[in-house]
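Q: coords please:
(chains A and B)
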Number of protein chains: 2
Amino acid sequence: MNEINLLVESYKQTKYQLVGNGGRDVQVLKEALREIEGQQESDMYGKGKIIEDFQAKMATYLGKEDAVFFPSGTMAQQIALRIWCDKKGVKKVAYHPLCHLEIHEEDGLKKLHHIKSILLADKNRVIQLEDVLNIEEDIACLLLELPQREIGGQLPEYQTLEAISSYCREKGIRLHLDGARLFEILPYYKKTAAEICNLFDSVYVSFYKGIGGVAGAILAGDKAFTKETKVWKRRYGGDLISLYPYIVSADYYFEQRAHKMKQYYEDAKELASYFNNCHAVSTRPIVPVSNMFHVHFDVPKEKLESILVNIHKGTDIGLTKYLSETSEQTCFYEISIGDRYAEIPKEELNRVFHLLDEGIRSSLE
Amino acid sequence: MNEINLLVESYKQTKYQLVGNGGRDVQVLKEALREIEGQQESDMYGKGKIIEDFQAKMATYLGKEDAVFFPSGTMAQQIALRIWCDKKGVKKVAYHPLCHLEIHEEDGLKKLHHIKSILLADKNRVIQLEDVLNIEEDIACLLLELPQREIGGQLPEYQTLEAISSYCREKGIRLHLDGARLFEILPYYKKTAAEICNLFDSVYVSFYKGIGGVAGAILAGDKAFTKETKVWKRRYGGDLISLYPYIVSADYYFEQRAHKMKQYYEDAKELASYFNNCHAVSTRPIVPVSNMFHVHFDVPKEKLESILVNIHKGTDIGLTKYLSETSEQTCFYEISIGDRYAEIPKEELNRVFHLLDEGIRSSLE
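A: Next up, the predicted model:
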């Protein structure tokens, strides 16, 4: 606990950071509100210009008929799956073993909807067409998460997506996109959001990952679908009298950052190569396909923590404020590139990785 | 539609308004944020100083062991009832026929939890001890809404609450308080929030009714209960990465207005008597017991609309922006007193009610 605090504290003192867009503080909201007139009326239970305009904008961007703003992706995605299950009269869906619904939602899908999940693929790789072809049970919906966050943000080939989409349409299986990081993968696929979303029946996107807003999500699909999502949003208690704090910040940071995803992606590839040139360090994927990747260290967590604390103190560059132990001898952490990376002077970056490489080598001697 | 727009438009042009604390616009949030430092860190999925401090403050205020901040009362209350049902192994609860869960939540309680609701009392009056004694089925929880909003904000006598509470404890029935307007009833009962909440096992309060915040709710109870509410909050997708926009405004306006409820209550009684002195007008209740009441008119909606539009234009005082038709000859609207009422010059108020009385008399001739 003490060690972790040292890491957090030393990270907080650094001037530059490798990851993210800066702290999650109240300034994020204040900045988004700065140019909004005080007289701008609140949304009212899902109605009003401020929410309807943003929903229409996102529907167009995603190439869908309609879009609905939700307080969270957890709520949005459970609702999407419930609607597809009800439509088909089948209470089964399929997704990756490390899907957000499976590991981060306290089994909401099961406890609230009694929907059974079928886990596809080995948890260390993404879902392939073969996995879908091999589903033996009748399912209402297949959920694909692009990129697969828990394994470093991996992606299937675009042709695989097309093949899975065709197969699902043929078989009457609805395809839902967990696009929490959809903006972030467009440069790798060299596609527009609408082109990718066209392969899916329903799509969720988040505004506090790469976009860096306060919170909030959009769920998009055809109008029959979104109409039902609004009923469920009310049932969940997500149809708040005012969602505008999240909408205003989602829109503001979408405008600030959606067009920067190519830069973040290039930065991620550069940063990954820095890590991969260090002793006992490798990234996953080796070459990132979005702004994110995981860094794995063949170094015991405690040893690496002291190395990182020293680098934070000696260079003014923050690498991470946490490490997750994967075994007694290994650990990892997640990197998501945002605005901060580009601010770091290159000579400083070279120094950091020289120190990291050296620190690891001498600690393992 | 045209008529309604005229009413809304004429209302928006008035300088003074009888009801509320002012518009629900972005300024409400901006003002609450003004004195918060930009470096103040966000809450993170229910953790962090900004959320924990407010929860602790509300737990103390409500006299409960613990409190949890929720995005909405809809979410908070369904969760409370689900927990009490699970605890007893009985999927039945009882409440008033005009309970929020029964009429405003698209049947979330039933669709998400398969909990059956038993409706107590005639819908035109509040629940009495007798109604509770007469429940024939085994129920897990009884929900009381204080005041009963949909019938003008009526309240049972305090002794009735005490008797119902004792009976429920004796019978192993959990008592839940829908205290969306709890702050507003303290002056009538001459009790502290903690004294009232002591009669209940779980309590929900809202921060955008009399308090006038942006949105958000607190659910309070003992620690075993609140621990479970956090798991359900995660399941619902209510455990947002950042709830601070609502927390900051809840806290700010709680400090601004919680101590003003006595004034609002006195103002409501005064305003109700103004209405009751008009021809073909009566309030419900006749003498308000909180800051709210309903005004019923034995006047056709369209006729009353033109009278109100004329008053709005002629006096600069807004009475209402909507009317609900109750029959071809009658209509009503809801009044909640806030800061705005006290700003109105008394001579102007006399003039308004003189015009209203006269307008109604001549329209009914």
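Q: list the contacts of stretch A:115-126.
A: A:81-82, A:85, A:91-99, A:101-102, A:109-110, A:127-128, A:131-132, A:135, A:137, A:139, A:142, A:148, A:150-151, A:154-156 (CB atoms under 8 Å, 6 or more residues apart in numbering or on different chains). Placement of C-beta: from N, CA and C, glycine included.
Q: could you find the closest non-adjacent residue to A:Ile344?
A: A:Tyr16 (4.5 Å; CB to CB, 6 or more residues apart in numbering or on different chains).
Q: wait, isn't the one you found in contact with A:His312?
A: No - applying CB atoms under 8 Å, one finds A:Tyr16 not in contact with A:His312, separated by 10.3 Å.
Q: ok, the two, which is more surrounded?
A: A:His312 (24 against 16; other CB atoms under 10 Å in any protein chain shown).
Q: list the contacts for that one?
A: Residues near A:His312 by CB under 8 Å, 6+ apart: A:7, A:10-11, A:13-14, A:318-319.
Q: ditto for A:Leu319
A: A:11, A:18, A:308, A:311-312, A:352, A:356.
Q: next one: A:Phe332
A: By CB under 8 Å, 6+ apart, the residues touching A:Phe332 are A:284, A:294-297, A:323-324, A:326.
Q: helix, strand, or coil at it?
A: Applying DSSP: H, G, I helix; E, B strand; the rest coil to A:Phe332 yields a three-state assignment of strand.
Q: beta partners for it?
A: A:His296, A:Ser324 (DSSP bridges).
Q: how long is stretch A:138-150 end to end?
A: 27 Å (CA to CA, to the nearest Å).
Q: can you tell if it touches chain B?
A: No - Stretch A:138-150 does not reach chain B (CB under 8 Å from any CB of the partner chain); its nearest approach is 14.4 Å.
Q: one step back: in ChimeraX, select just the buried ones from the contacts of A:His312.
A: Remark: buried members of the contacts of A:His312, expressed as a ChimeraX selection using 16 or more other CB atoms under 10 Å in any protein chain shown:
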select /A:7,10,11,14,318,319
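Q: so how many other residues sit close to the residue lying closest to A:Glu334 once chain neighbours are set aside?
A: Of all residues not flanking A:Glu334 in the chain, A:His294 sits nearest, at 5.5 Å (CB to CB, 6+ apart). By the measure other CB under 10 Å, the count of residues near A:His294 is 23.
Q: doesn't A:His294 lie inside a strand?
A: Yes - per three-state DSSP, A:His294 lies within a strand segment.
Q: contacts only, for it.
A: Residues in contact with A:His294 (CB under 8 Å, 6+ apart) are A:151-153, A:283-284, A:332-335.
Q: quick one: which of the residues you listed has the most company?
A: For those, neighbours tallied by other CB under 10 Å; top is A:Gly153, 27 neighbours.
Q: pretty sure that one contacts A:Arg181?
A: Yes - between A:Gly153 and A:Arg181 there is a contact under CB under 8 Å: 7.0 Å.
Q: any residues in contact with both of those two?
A: A:147, A:290-292.
Q: just flag the most distant two among those residues.
A: The most widely separated members of those, counting by CB to CB, are A:Pro147 and A:Asn291 (9.4 Å).
Q: overlap in contacts of A:Tyr16 and A:His312?
A: A:Gly318.
Q: need the strands for chain A, in chain order.
A: Here chain A has its strands, by DSSP state E, at A:16-17, A:66-70, A:92-95, A:116-119, A:141-145, A:174-179, A:202-206, A:217-221, A:281-284, A:292-297, A:317-318, A:324-325, A:331-336.
Q: tell me which of these sits nearest to B:Ala163.
A: The nearest among the strands of chain A, by CB to CB, is strand A:66-70 at 42.8 Å.
Q: contact partners of that closest one?
A: With CB under 8 Å, 6+ apart, strand A:66-70 has contacts from A:46, A:51, A:54-56, A:58-59, A:76, A:79, A:216-223, A:225-226, A:229-230, A:233, A:238, A:243, A:246-247, A:250, B:237.
Q: buried ones in the longest helix seen in chain A?
A: Longest helix of chain A, by residue count under DSSP state H: helix A:346-364. Buried positions in helix A:346-364, judged by neighbour count with 16+ other CB under 10 Å: A:349, A:352-353, A:355-357, A:359-360.
Q: same deal with stretch A:273-284?
A: Buried, per 16+ other CB under 10 Å, within stretch A:273-284: A:274-275, A:278, A:280-284.
Q: what is the nearest of these to chain B?
A: Nearest to chain B among those is A:Arg284, at 24.1 Å by CB to the nearest CB.
Q: so that closest one sits against A:Ile151, correct?
A: Yes - in terms of CB under 8 Å, A:Arg284 counts as a neighbour of A:Ile151; the distance is 6.7 Å.
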